[in-house]
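Enquirer: predicted model follows, preceded by the sequence.
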Amino acid sequence: MAKRIIRVYRFNTGSCGGCDLEIMAAISDNADIAWAATPQEADVAVITGPLTPGAKAALVALMRDSGDRAPILAVGRCAIDGHPFGRGGVASTAGLVVHSSLDGCPPAPLQIIEAIRRAAGVHEEQRDKRMTP
Amino acid sequence: MSYSLALGPFHPAWLGPQRFILRIASDRVVDVEYQSGFNERGCAERLLRLPLPDALHLVTRICGECSFAHSLAFCQTLERLYRRDVGTRAALIRVAAAELERASAHLRAAGAVLHAIGMDQRGAHLETFSHQCRDMLAQITGGRIPPPFCAPGGLLRDLSSGDRNDLLASLPGISADLYRFIDRLIDQRLLLARTVEVGALPRAAAEQFGVRGPMARASGIRRDVRADQPYAAYAMLAFQPIVQEGGDVHARLLVLLLEAYESVKLVETALQRLPEEDPLVELPGELPHGESSAMVEGPRGAIRYTVESDGLRLTRVEIDTPRQCDRLLARTLLSRAQLDDVMAILASIAICVACAER
Ligand code: SF4
C-alpha cells in the first residue's frame, strides 16, 4: 500500500531560521513528508520562533481561516518558551492550542521527522475514532 | 485587465515571513508592495543585559543561517575591546567554519533558484551539497547550526586530528563534484533562457541601494571584507573576490556557486595549514572601558558589530547587517518582470529576514 504523504505548513514566528533550515533538510530527505501550499491543506502545522507580537497576529488570523484543522507542533526551544530571546513562545501565548512540541536549539532533522509523523499519526487516529461510531 | 497577487507572509521556500503584493497586468508585474517586520525580537538591546556566556549564545541565534558569522563579528569586536590576539590555529579554524557556513547558505540559495525555474533535480542536488557542508560545519563547531564556538581570543572547542583528517579526506571529492556540477549547469539553454537579463539590478542601482555581499558582487561591485580588510586568517590565504557584471539572476546564481566552490577550497587550505597550538580560551572577566567595532563578510554580505562599555557592562551594541529587501528594491527587481520569473528573482536575492528583524 502506498504510504500517505504528510503535508506540512510552517509558520516562522520570529525564529533565527535555524529550526526552519533543519525542517527544510528533514523534508527534502524524506519522501513521505512534503510542504502544504496553504494551511488549509496541511496535516500538520509547524510553528518555529518565539511568537513575536508581529507574527502572532498573522498566525492567529491564518489559523482561524484554515478552520484550525491541523494539529500544531511547536519546533525548537524558542517556540516553546522564547529562549534565548528572553520572551515569547507558546508558553506565553494565550488562546493558541499547541498539540505537541519538540525541544532543541535546533532539534536534529531526524527528531523533527519523527515528531511530524507522530503529530500526523495521532491526528489521524483521533479522526478515525470520531468517524467510526 | 489587471489584478493583485499576494505572496506570503509564510511560504515554504522562505526562511522567514514577509509579504509581497504584486499588481499584475498582462502577466507582468506593474507594481509591488512589500511588507516585513513581523519578527522584531530586540536582540541588540537584550545583549546589553546578558552575561558574556549568554551573550555568546544569543549572537549565534540572531540568524541561524549566518550564526557563525555573527558570533565571529561579535568576538572580533570584543577582542578589540579586550586587546586580545588570536592564534593562527584558532584563526584558521574560524575561516574553515565561516566558509562552510557560507558554502552551505550559498548552495541552498542556488538550489532554491533552480527549483524556482523547474530544475528540481539539480536543485535537490545542490541541497545535498548544502547539507554536506552543514554536516562538516557540525564536525568543527559541534552543531549544524553552530552552538557558541568562538570566544574572545580563540575558540571554545578544538578540532581533533581525527576530525581534521576526516574533513581533509572528503573535501577534495566535494569540490571536484561541485566543480563538475557548475561546469555542466551554467551553459544549459533552459537555465540561460530563464535567468539571463531576468531581475537585473544594474551596478548604479546596487550602489545606490547599498546592497552588499554576493548580490553586490553579482552587479559588478568588487567589495568583500575578506579581501578589503582581511580578518581571521584570510590574509594568509590569498583570497580573491568573485565578481560578475550582469546583475541578473544568472549573475547572482553564478556568484553563489563560484563562491561556494571557492569556500570549499578555502576550508581545505585552512585545514591543511593548521599549526599545533592550543586555540582554547577561558572567557575573559572584567570588561575594559571603551568602544570598538569589527566587521566580517557574512554569507549575505558585511556584518558589523559596534560595542561600547562603561567598564562594568556593555552600554551599547549595534548590529549592522546587509540590507535585505524593501519596497524600492523589490520594485526595481520585479517591475516589468514576467509573473513566472518572480519566484526565481526572489530566490536569487536570498532574502533572510532573521538578520533584518533581529
Ligand atoms: S530554537 Fe534555536 S535554532 Fe530553533 S529557531 Fe529558535 S533560536 Fe533558532
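Expert: Looks like it arrived, so ask away. Residues are numbered from 1 along each chain as shown, chains lettered A, B, ... in the order given.

Enquirer: in chain B, which helix or strand is least confident?
Expert: helix B:353-356 (a mean of 60; mean pLDDT, DSSP states H and E).

Enquirer: now A:G82: how far from chain B?
Expert: 9 Å (Cβ to the nearest Cβ, to the nearest Å). C-beta here means a position set from N, CA and C on the backbone, and glycine is covered the same way.

Enquirer: which element, helix or strand, includes the closest residue to B:P299 other than its chain neighbours?
Expert: The shortest distance from B:P299 to any residue other than its chain neighbours is 3.9 Å, reached at B:A105 (Cβ to Cβ, 6 or more residues apart in numbering or on different chains). Secondary structure assigned from DSSP states H and E places B:A105 in helix B:88-116.

Enquirer: and that helix, what's buried?
Expert: By 16 or more other Cβ atoms under 10 Å in any protein chain shown, the buried positions in helix B:88-116 come out as B:89-116.

Enquirer: go on, stretch B:326-337?
Expert: B:329-330, B:332-334, B:337.

Enquirer: same question, stretch A:30-39
Expert: For stretch A:30-39, using 16+ other Cβ under 10 Å, the buried residues are A:30, A:33, A:35-36, A:39.

Enquirer: also stretch A:21-30?
Expert: Applying 16+ other Cβ under 10 Å to stretch A:21-30 flags A:21-28, A:30 as buried.

Enquirer: and stretch B:279-291, by the same measure?
Expert: Quick answer for stretch B:279-291 (16+ other Cβ under 10 Å): B:279, B:281, B:284, B:287.

Enquirer: need those in TSV with secondary structure, distance to B:E207 and pLDDT, can you?
Expert: Below are these laid out as TSV (DSSP: H, G, I helix; E, B strand; the rest coil; distance: Cβ to Cβ, whole Å; pLDDT from 0 to 100):
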residue	secondary structure	distance to B:E207	pLDDT
B:P279	coil	39	96
B:V281	coil	40	94
B:P284	coil	40	85
B:L287	coil	38	88
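
Enquirer: the strand or helix carrying B:T77 vs helix B:88-116, what angle?
Expert: Applying DSSP H and E as the criterion places B:T77 in helix B:67-82. Helix B:67-82 runs at 150 degrees relative to helix B:88-116, counting by axes from the mean of the first three to the mean of the last three Cα atoms, to 10 degrees.

Enquirer: got the contact list for B:R164?
Expert: B:271, B:274 (Cβ atoms under 8 Å, 6 or more residues apart in numbering or on different chains).

Enquirer: actually A:L59, sorry about that
Expert: Contacts of A:L59 by Cβ under 8 Å, 6+ apart are A:11, A:13, A:47, A:51, A:96.

Enquirer: what do you get for B:W14?
Expert: Per Cβ under 8 Å, 6+ apart, neighbours of B:W14: A:12, B:8, B:351.

Enquirer: out of the residues you listed, who's nearest B:V264?
Expert: B:I351 (24.4 Å; Cβ to Cβ).

Enquirer: that closest one is in contact with B:F20, isn't it?
Expert: No: with contact defined as Cβ atoms under 8 Å, B:I351 does not count as touching B:F20 (10.1 Å).

Enquirer: now do the contacts for the residue of the stretch 101-250 of chain B found nearest the ligand.
Expert: Nearest residue of the stretch 101-250 of chain B to the ligand: B:I145, at 5.3 Å (Cβ to the nearest ligand atom). By Cβ under 8 Å, 6+ apart, the residues touching B:I145 are A:16, A:18, A:21-22, A:105-106, B:60, B:64, B:67.

Enquirer: okay, and which of the contacts of A:L59 map to strands?
Expert: A:11, A:47 (DSSP state E).

Enquirer: buried subset of the contacts of A:L59 as a PyMOL selection?
Expert: PyMOL command restricting the contacts of A:L59 to the buried ones, with burial defined by 16+ other Cβ under 10 Å:
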select buried, chain A and resi 11+13+47+51
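
Enquirer: and chain B, which of the contacts of A:L59 reach it?
Expert: Contacts with chain B within those, counted by Cβ under 8 Å from any Cβ of the partner chain: A:11, A:13.

Enquirer: with the contacts of A:L59 in mind, which one is nearest to chain B?
Expert: Set against chain B, the nearest of the contacts of A:L59 by Cβ to the nearest Cβ is A:F11 (5.5 Å).

Enquirer: quick one, grab the pLDDT at the closest one.
Expert: The model reports A:F11 with a pLDDT of 89.

Enquirer: equivalent analysis for the one 5 residues further on, please.
Expert: With respect to pLDDT, A:C16 scores 90.

Enquirer: over to it. Which of the three states is it?
Expert: In three-state terms, and counting by DSSP: H, G, I helix; E, B strand; the rest coil, A:C16 is coil.

Enquirer: mind listing what's buried in stretch A:93-106?
Expert: Buried, per 16+ other Cβ under 10 Å, within stretch A:93-106: A:93, A:98-102, A:104-106.

Enquirer: what's the farthest-apart pair in the residues you listed?
Expert: A:H99 and A:C105, at 20.9 Å, using Cβ to Cβ across these.

Enquirer: roughly how far is stretch B:275-284 from the heart of the chain?
Expert: How far stretch B:275-284 lies from its chain's middle: 26 Å, per Cα atoms, centre = their mean, to the nearest Å.
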